[in-house]
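J.: my questions concern the predicted model and sequence given below.
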Amino acid sequence: MDARPRLVGIDVARALALLGMVATHVLEPRTPSGDLAFAQAVAGGRASALFAVLAGLSIALTTGRRRPPRGRERVAASVGLVVRAGLVALVGLALADLDSGIAVILTYYGLLFVCALPFLGLGARPLLAWAAAWAVLAPVASHLLRPLAPERGWSSPSFDQLAEPGPLLAELFLTGYYPVLPWVAYLLAGMALGRADLGRRRVAASVAAAGALLATVAAVASELLTRPADVVRALLADPPPIGVAPASRDELLDLVAGGMFGTTPTGAWQWLLVDAPHSATPFDLLHTIGTAWLVVGAALLVVDLLPAAGRRGVAVLTGAGTATLSLYALHVAMRSEHLPPTDGPDSFRWHVLVLAALGAGLVAAGRRGPLEAFVGAAARGSALVVRQAWPEGGAGYAAAMDSHHDDKQTPDESSGGQVSEVSSMDGAGEEISPGDAVAGAPDQSAGDDRPQEGTAGPDAPPRHGIPEESNESSR
């Protein structure tokens, strides 16, 4: 078990992701004049991507950090992760019944966590290679497979859909708001970060610089590749279901900048060249992986420059980042008719105040969020059962999994950089809430912590021109 202190900068990144998600859910995406609103321009598509990258980072942090798990520990980590995934997905299905108008991400996240299992034994470099290849190839595969899939629904996945598992899985993997097939790229990019020595200032600076470069290159490349006349004609001939027929390239790109519905049209392959929020194209994935890395690296650097008292203060102020699963669920409930506030000019302020106050209170009291505590206990308990029942060095499943992965083990030097005075991180069974990397305020057990957007969830789907059959239009 890894019982070293947790990185406060990761909690800061989670808190920013949660704030960005709340902003895109609650605030209008456009100004009265029709221009893209500041919140949508900054957080649209990027908040959910940051949560997904943090989810992968959290998986890596809770499964050995720089030392990927082997043998019995890998089996225990896998079992704990599956249990966590199932519980997070169940929370997502339950939240869908609140009719909040939010495209709830947690069910997608549960499936995404399961997709991490084949990659648990990899180190940082192979994970980076997998992430790059996945970001380029998975959108192409999705583009080819989606015409064969059942027609998508416009609601968040709910318990009713369990009666038809085929269409539900097609929506979760391919056609939904947060399609798992391309989103695995976020998970792998985050796992690669989690296998690096994030406590070192040089590593954090490299992550931030690489993220800024990747985001810029992806955006510029997409801009250049969508300028040729034949590309423009193809895009205009196959517009997305946004309720408006754009007449020019600039008008089309301005419309999709408000957010798509998780996928692009499948008629014109040129859509794969577009960089738009929630489009899951190669350029969207690479750009938002870059912005996520930039936020994570910058947060780690800033916190590292603070004195111990400053780090403690930041840990409390951004305490919402330690309980993103619980606070995301509360945020969804607050967007329904069951809890205040009602829609209005002060709605966003109330969401931020309530979530920030609860997060700060949990950290100050040394407690975890209720959902984090429950999910974490179940995951740790299942992992413990495996450790007790599986003899050290046992052959079979664990050996088969390990045989396909790199054998190089990098010594896990103790981190000399910034850490949290609030809590410690633990290993295989630690919980992964939708936006966090160490989900939850300090648990007093030996080494316990732990993504959502970590649980927090994605930014809302676009509100402009949502298809009439969608019940997610209130955001």
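T.: Arrived safely, thanks for sending.
J.: rest of the way, CA atoms for contacts and neighbours
T.: Fine.
J.: got a pLDDT number for the residue of the chain most remote from its centre?
T.: Of all residues in the chain, residue 229 has its C-alpha farthest from the mean position, at 35.5 Å, by CA atoms, centre = their mean. At residue 229, the model reports a pLDDT of 97.
J.: now residue 456
T.: Here the pLDDT value assigned to residue 456 is 34.
J.: what do you get for residue 435?
T.: 37.
J.: for the protein, which residue occupies the most central location?
T.: Per CA atoms, centre = their mean, the C-alpha nearest to the average position across the chain is that of residue 52, at 1.6 Å.
J.: got a list of what the residue farthest from the centre of the chain touches?
T.: For residue 229, the contact set (CA atoms under 8 Å, 6 or more residues apart in numbering) is empty.
J.: hey, where'd the strands end up in the stretch 301-450 of the chain?
T.: Counting by DSSP state E, counting those that start in this stretch, one finds no strands in the stretch 301-450 of the chain.
J.: so, low pLDDT: which residues of it?
T.: Within the stretch 301-450 of the chain, the set of residues satisfying pLDDT under 70 comprises 392-450.
J.: quick one, helices of it?
T.: 308-317, 324-334, 347-364, 370-389, 397-402 (DSSP state H, counting those that start in this stretch).
J.: do you know which of those helices lies nearest residue 87?
T.: Smallest distance to residue 87 across the helices of the stretch 301-450 of the chain (CA to CA): 6.6 Å, for helix 370-389.
J.: starting at the chain centroid, how far to the closest one?
T.: Taking CA atoms, centre = their mean, to the nearest Å, the mean C-alpha location of helix 370-389 is offset from the chain mean by 22 Å.
J.: and stretch 109-116, by the same measure?
T.: In this view, stretch 109-116 has its centroid 11 Å away from the chain centroid, taken as CA atoms, centre = their mean.
J.: and that stretch, what's its mean pLDDT?
T.: 97.
J.: relative to residue 249, how far out is residue 7?
T.: Note on residue 7: its distance to residue 249, by CA to CA, to the nearest Å, is 44 Å.
J.: how close does the residue farthest from the centre of the chain sit to residue 363?
T.: To residue 363, residue 229 is 55 Å away according to CA to CA.
J.: quick check, pLDDT for residue 44.
T.: pLDDT recorded at residue 44 is 96.
J.: is it true that it touches residue 24?
T.: Yes: counting by CA atoms under 8 Å, residue 24 is a contact partner of residue 44 at 6.4 Å.
J.: ok, the residue nearest to the centre of the chain touching residue 189?
T.: No: using CA under 8 Å, residue 52 makes no contact with residue 189, being 9.2 Å away.
J.: contacting residues around residue 287?
T.: By CA under 8 Å, 6+ apart, the contact list for residue 287 reads 214-219, 275.
J.: could you identify the most distant pair in the residues you listed?
T.: Spanning the widest gap among these are 214 and 275, at 12.9 Å by CA to CA.
J.: quick one: residues contacting residue 359.
T.: Neighbouring residues of residue 359 by CA under 8 Å, 6+ apart: 316-323, 327.
J.: quick revisit: which of residue 7 and residue 249 has more neighbours?
T.: In this view residue 7 and residue 249 are compared by other CA atoms under 10 Å, and residue 7 has more residues nearby, 28 against 17.
J.: my guess is the more buried one contacts residue 199, does it?
T.: Yes: contact criterion CA under 8 Å: residue 7 and residue 199 qualify, at 7.4 Å.
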